[in-house]
Each structure stands twice: as C-alpha cells, then as structure tokens.
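Visitor: A structural model of the following input is requested.
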Amino acid sequence: MRVSIIICFYEKVNYLKCCLDALQICSEDFDEVVVADDGSDADVILQIQNLMTIYDFPIIHAWHPRDGARRAATRNNGIRHSGGDYLVFLDADFVVLPGTIKSHLEAARHGSFVAGRCKYTTEEQTKRLLSNNITDELLESLYSELPDRPICREHREFVQYAFLKKLRLVGARKLQFGGHFSIYRKDIESINGYDENFIGWGGEDQDMALRLVMAGFKGISAIRKARILHLWHPHELGNKHWKEGPNVEYFFRKEVPVFCENGLIKVKPV
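Guide: A predicted model of the protein is given here:
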C-alpha cells in the first residue's frame with residue numbers, strides 16, 4: 001500500500017521544516033509528502049524548492065494561487081497531486097513523534113477513518129523545537145512535559161461518541177473532529193473530498209466528519225497512540241470559536257449532501 005502525507009501549508013517555512021525534520025525520522029513509514037500550499041509567494045516557493053532537495057523522501061509541492069484562506073481547496077489540491085492509496089492529513093505546524101504514522105496505518109480500515117489529536121506546545125517549547133535539531137530524544141522530552149489528561153479525555157469522548165452513535169442516541173453533528181486524520185483514498189473520493197465552499201477559517205474539518213458519518217463511515221481513535229506536538233503560534237480565530245467566523249451558517253444549513261458539489265470534482269446542480 002502506497003502512503004501519502006498531505007501537509008496543509010501557507011508561508012511559515014520554519015514550521016514546515018520542523019514538520020519535515022520530524023517526518024524524516026519515520027520516513028520508512030510512508031512513500032511521499034505532498035506540501036499543499038495555499039498560495040505562498042515566490043520567495044517562499046523558492047525556499048520550499050530548496051527544502052525538497054535535503055530529505056530522503058519524495059516531496060511534491062502542490063501550489064494554487066492565493067485567493068484568501070482556502071484550507072478545504074488546499075487539501076483537495078494535495079489529494080489530486082498525491083499518488084497514495086492511503087492518505088494522512090497534517091498541518092505544517094504539526095510535529096510527529098516516532099511511531100505516529102505507523103499508528104495511523106495500523107488502525108486503518110476500509111470504510112473507516114482514523115482520528116488523532118495533538119498536544120499544544122508553549123511558546124518556549126516551540127522555540128526549542130525551531131532552534132534545535134529534531135531528535136527522538138527532544139520530541140519525547142517535550143511530549144512528556146505536557147499533560148496527558150486532555151488527550152485521554154478526547155480519546156474517551158471519541159470512543160463514547162462511537163458507542164452512542166451505534167445505539168442511535170447521538171446525531172452525526174456531535175462528532176468532534178480536528179487535528180490529524182487518515183483515510184483510504186477511495187473512501188474520501190466517495191464523498192468528493194473537502195467542500196470548497198468553506199472559505200476562510202474553520203468548518204471544513206467538521207463538515208468532513210459530518211459527511212463521513214452520514215455516509216456510514218466509522219471513526220477509529222488513534223488519539224493516544226498517534227502522538228503529535230502542535231507548534232505554538234498566535235491564533236487568528238481559536239478552534240473553540242471558529243463558529244464566530246463566516247462559515248457557521250453554511251455548516252449548519254438544513255440539507256447537507258454526502259457528496260459535495262464543490263469538491264475534488266465539480267458537480268453541476270441538477
């Protein structure tokens with residue numbers, strides 16, 4: 001099985017390098033990396049081209065013109081440029097620990113998606129990651145400094161949701177979806193990928209989860225095993241408050257088709 005890592009990226013080359021440095025440590029677990037670029041400028045593109053020469057794994061730069069923040073369209077562009085049978089989605093400010101990609105692959109099942117979460121580093125810890133060589137020891141040390149309780153709680157809530165969903169006691173919208181996730185290519189293609197009507201910050205991940213559950217896909221938690229550090233940065237719109245942004249009304253629309261019209265392929269309304 002061919003495995004592609006798809007990294008959603010814009011402008012922050014130092015964060016991307018940190019992400020790629022960590023992936024270098026576990027490069028035997030995947031076949032390629034696709035840097036899905038949301039319209040970075042020419043100087044950044046040149047820096048990425050230089051980065052592409054220093055790693056042992058193939059890197060594909062999937063760029064599209066900037067037209068505001070388009071995370072859904074960016075990820076779809078990454079899917080189109082990827083060659084993998086199995087896709088693992090990361091953001092450029094994620095730093096994977098050894099065994100994380102393998103944990104996704106061990107949990108992979110057709111008709112299911114694998115969900116993970118992150119531990120959020122402090123500003124000081126992020127500076128340590130950006131200013132030092134990425135090693136197993138550094139990653140393990142930083143991960144152990146951060147509390148396990150939030151991760152354990154999120155794993156418990158995810159498993160609880162799956163149980164209640166099986167009993168038909170909760171709806172599809174109750175699934176909390178974020179962080180990193182993975183899925184077979186054919187499965188994400190079956191719902192036409194991300195809905196590109198989500199423009200700006202927030203909502204595209206939640207919509208993806210909603211449509212996957214509506215289509216009958218089951219979520220598998222790799223939250224405790226697939227370990228990732230999230231690099232600190234100022235938030236334009238916090239994850240808990242994305243619904244204050246422009247996508248909330250579209251996300252809560254009454255009719256949500258499983259197969260979105262404005263996705264990997266463009267479907268004209270009948």
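Visitor: what's downstream of the helix or strand harbouring Lys165, the next helix or strand?
Guide: Here Lys165, judged by DSSP states H and E, is contained in helix 149-166. Counting by DSSP H and E, the element after helix 149-166 in chain order, helix or strand, is strand 181-184.
Visitor: buried residues in the helix holding Lys165?
Guide: For helix 149-166, burial by neighbour count (16 or more other CB atoms under 10 Å) applies to 151, 154-155, 158, 161-162, 165. Placement of C-beta: from N, CA and C, glycine included.
Visitor: cool, stretch 185-195 as well?
Guide: Buried, per 16+ other CB under 10 Å, within stretch 185-195: 185, 187-195.
Visitor: Likewise for stretch 68-77?
Guide: For stretch 68-77, the buried set under the neighbour-count rule, 16+ other CB under 10 Å, comprises 69-77.
Visitor: Can you lay out those residues as JSON lines showing pLDDT, distance to Gln125 and secondary structure?
Guide: Shown next, in JSON lines, are the buried residues of stretch 68-77 (pLDDT from 0 to 100; distance: CB to CB, whole Å; DSSP: H, G, I helix; E, B strand; the rest coil):
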{"residue": "Ala69", "pLDDT": "88", "distance to Gln125": "26", "secondary structure": "coil"}
{"residue": "Arg70", "pLDDT": "93", "distance to Gln125": "30", "secondary structure": "strand"}
{"residue": "Arg71", "pLDDT": "93", "distance to Gln125": "25", "secondary structure": "helix"}
{"residue": "Ala72", "pLDDT": "95", "distance to Gln125": "30", "secondary structure": "helix"}
{"residue": "Ala73", "pLDDT": "96", "distance to Gln125": "32", "secondary structure": "helix"}
{"residue": "Thr74", "pLDDT": "97", "distance to Gln125": "27", "secondary structure": "helix"}
{"residue": "Arg75", "pLDDT": "97", "distance to Gln125": "27", "secondary structure": "helix"}
{"residue": "Asn76", "pLDDT": "98", "distance to Gln125": "32", "secondary structure": "helix"}
{"residue": "Asn77", "pLDDT": "98", "distance to Gln125": "31", "secondary structure": "helix"}
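Visitor: From those, pick the one nearest His104.
Guide: Nearest to His104 among the buried residues of stretch 68-77, counting by CB to CB, is Arg75 at 16.2 Å.
Visitor: Which residue, neighbours along the chain excluded, lies closest to the closest one?
Guide: Leaving aside its sequence neighbours, Arg75 sits nearest to Tyr194 (CB to CB, 6 or more residues apart in numbering; 5.1 Å).
Visitor: Now find how far off-centre stretch 96-116 is within its chain.
Guide: Here the centre of stretch 96-116 is set off from its chain's centre by 12 Å, with CA atoms, centre = their mean, to the nearest Å.
Visitor: In the stretch 151-270 of the chain, what residue spans correspond to helices?
Guide: Counting by DSSP state H, counting those that start in this stretch, residue ranges of the helices within the stretch 151-270 of the chain are 185-189, 204-214, 248-251.
Visitor: What residues sit buried inside stretch 4-16?
Guide: Neighbour counts over stretch 4-16 (16+ other CB under 10 Å) mark 4-10, 12-13, 15-16 as buried.
Visitor: doesn't Leu20 fall inside a helix?
Guide: Yes: the assignment for Leu20 is a helix, going by DSSP: H, G, I helix; E, B strand; the rest coil.
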